[in-house]
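Peer 1: quick one: sequence and predicted model below, then my questions.
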Number of protein chains: 6
Amino acid sequence: MPYVNMKVTGGNEAPTVEQKAELIAGVTELLARVLNKNPATTVVVIEEIDMDNYGLGGKTITEVRKAAAAKK
Amino acid sequence: MPYVNMKVTGGNEAPTVEQKAELIAGVTELLARVLNKNPATTVVVIEEIDMDNYGLGGKTITEVRKAAAAKK
Amino acid sequence: MPYVNMKVTGGNEAPTVEQKAELIAGVTELLARVLNKNPATTVVVIEEIDMDNYGLGGKTITEVRKAAAAKK
Amino acid sequence: MPYVNMKVTGGNEAPTVEQKAELIAGVTELLARVLNKNPATTVVVIEEIDMDNYGLGGKTITEVRKAAAAKK
Amino acid sequence: MPYVNMKVTGGNEAPTVEQKAELIAGVTELLARVLNKNPATTVVVIEEIDMDNYGLGGKTITEVRKAAAAKK
Amino acid sequence: MPYVNMKVTGGNEAPTVEQKAELIAGVTELLARVLNKNPATTVVVIEEIDMDNYGLGGKTITEVRKAAAAKK
């Protein structure tokens, strides 16, 4: 019964359906391999967070991406 | 001041407005009854998670539902 | 596969083993009754938070309890 | 590497882009000032919760707002 | 800047220091491989939950383990 | 009724009681100032995470701190 929550940026950085399936399979397998946890009751939730709502370094990711693009 | 977070599948399995009101009332009452917590400051958050973002048994719920439908 | 997280104060307000079992049974039953969720894969986590780490009204619960005791 | 999660009401109470940037800057600065945490790896996530999904006092915020409006 | 939270049972089922390092390395690598996320700002938090505080199937894990042991 | 969760390293990096009170007061004031949220129902939870359970850059913070100390 492990529970895993993953938060990643959404919008134009949102993972595809295939990528989400791969993350869910991957982390469930990781818990089974390392801790021998039962995959049948392993719950995983992926949350896609708007880039205006996600902060790093005191800035929104929207600002972080703009600053990175401006440097190119 | 208890805080409760409930994550359930959204999309075509999303709870109705009435069901969400019932969950909020029910869990607040549960905490008041069992632990004598003050309902006035009990905070409840229900999150509806897309079935592509919710995993069980290493599969997305989208896949789980498809496999269940195929067995019928 | 719903996931429920409950945060309550710990320390001398910590729930007993019996109360925790009652909360887990109660919220699992609530989700089964209201949303027809399968109890077998409903995961519940109760977290007991130290009163110095829990805030309400801009104060720690330690301070809130002291202020309430002083008023008596 | 502190991680901060803030849940607030969405819908017509949703914070603006500017307000979200101010919350992210503010809480990152708070952690740097009080705990000397490195802003560069401080992660902040703001979640906007539908008022039907947010509960206080055993009621949804939708009901709380209606009751408050009716009293005026 | 992905954020990952993993909740697993603690007590006599608690992961070792080596297992926790393996989980952190594994899930960080998974996010880098599948979503090309930068490991440098990927934050992972593992929480070990007392078996009295963890519920599955409406029972605490303490009860679940006792019932399983009784069947052997 | 905003809810704020802050995760920081514990152990010998754990915040003091005074620092936790300052974080709770500070983030509650931030939400009141920026979003006009009512402090009376603002709930804050600070979680202190063992350095073996906290990961950044694919390493536990225990390893990160050792590597940093070795460089000095």
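Peer 2: Happy to help now that I have it.
Peer 1: any weak-confidence spans in chain A?
Peer 2: Judged by pLDDT under 70, chain A has no weakly predicted residues.
Peer 1: what's across from the residue of it found nearest chain F in the sheet?
Peer 2: In chain A, no residue comes nearer to chain F than A:Asn5, which is 11.6 Å away by CB to the nearest CB. Every C-beta, even on glycine, is put in place using the N, C-alpha and C of the backbone. On the basis of DSSP bridges, A:Asn5 is bridged to A:Val45, E:Asn5.
Peer 1: same check on A:Gly55?
Peer 2: Using DSSP bridges, the bridge partners assigned to A:Gly55 are A:Thr60, D:Val44.
Peer 1: chain D contacts on chain A?
Peer 2: By the rule CB under 8 Å from any CB of the partner chain, the part of chain A lying against chain D is A:7, A:47, A:49, A:52-60, A:62-63.
Peer 1: which of those has the most neighbours?
Peer 2: Of all these, A:Gly55 has the most neighbours under the rule other CB atoms under 10 Å in any protein chain shown, reaching 30 neighbours.
Peer 1: so that one versus C:Ala40, what's the distance?
Peer 2: From A:Gly55 across to C:Ala40, the span is 38 Å (CB to CB, to the nearest Å).
Peer 1: distance between the ends of stretch A:33-53?
Peer 2: Stretch A:33-53 stretches 34 Å from its first residue to its last (CA to CA, to the nearest Å).
Peer 1: before we move on, what about stretch A:36-50?
Peer 2: Chord length of stretch A:36-50, first to last residue, is 34 Å (CA to CA).
Peer 1: contacting residues for the residue in chain A positioned nearest to chain D?
Peer 2: Residue of chain A nearest chain D, by CB to the nearest CB: A:Gly55 (3.3 Å). By CB atoms under 8 Å, 6 or more residues apart in numbering or on different chains, the contact set of A:Gly55 is A:61, D:24-25, D:28, D:42-46.
Peer 1: mind picking the two most distant members of the residues of chain A next to chain D?
Peer 2: A:Glu47 and A:Gly58 (21.5 Å; CB to CB).
Peer 1: chain center to stretch A:52-68, what's the gap?
Peer 2: 16 Å (CA atoms, centre = their mean, to the nearest Å).
Peer 1: an error on my part: the question was meant for stretch A:46-56.
Peer 2: Counting by CA atoms, centre = their mean, stretch A:46-56 comes out at 10 Å from the chain centroid.
Peer 1: tell me where chain A has helices.
Peer 2: Assigned by DSSP state H, the helices in chain A fall at A:17-35, A:61-71.
Peer 1: quick one: is the last one near chain E?
Peer 2: So the one you mean is helix A:61-71. Yes - residues of helix A:61-71 contacting chain E under CB under 8 Å from any CB: A:Ile61.
Peer 1: before we move on, the earlier item: give me the buried entries from the contacts of A:Gly55.
Peer 2: Among the contacts of A:Gly55, those classed as buried by 16 or more other CB atoms under 10 Å in any protein chain shown are A:61, D:24-25, D:28, D:42-46.
Peer 1: out of those residues, who's nearest chain E?
Peer 2: With CB to the nearest CB as the yardstick, the closest approach to chain E among the buried ones among the contacts of A:Gly55 comes from D:Val43, at 5.2 Å.
Peer 1: what's near enough to touch that closest one?
Peer 2: Contact analysis of D:Val43 by CB under 8 Å, 6+ apart lists A:54-56, D:1-4, E:1, E:3, E:41, E:43.
Peer 1: returning to that earlier point: out of the helices of chain A, which comes closest to chain B?
Peer 2: Proximity to chain B, assessed across these by CB to the nearest CB, is greatest for helix A:17-35 (3.3 Å).
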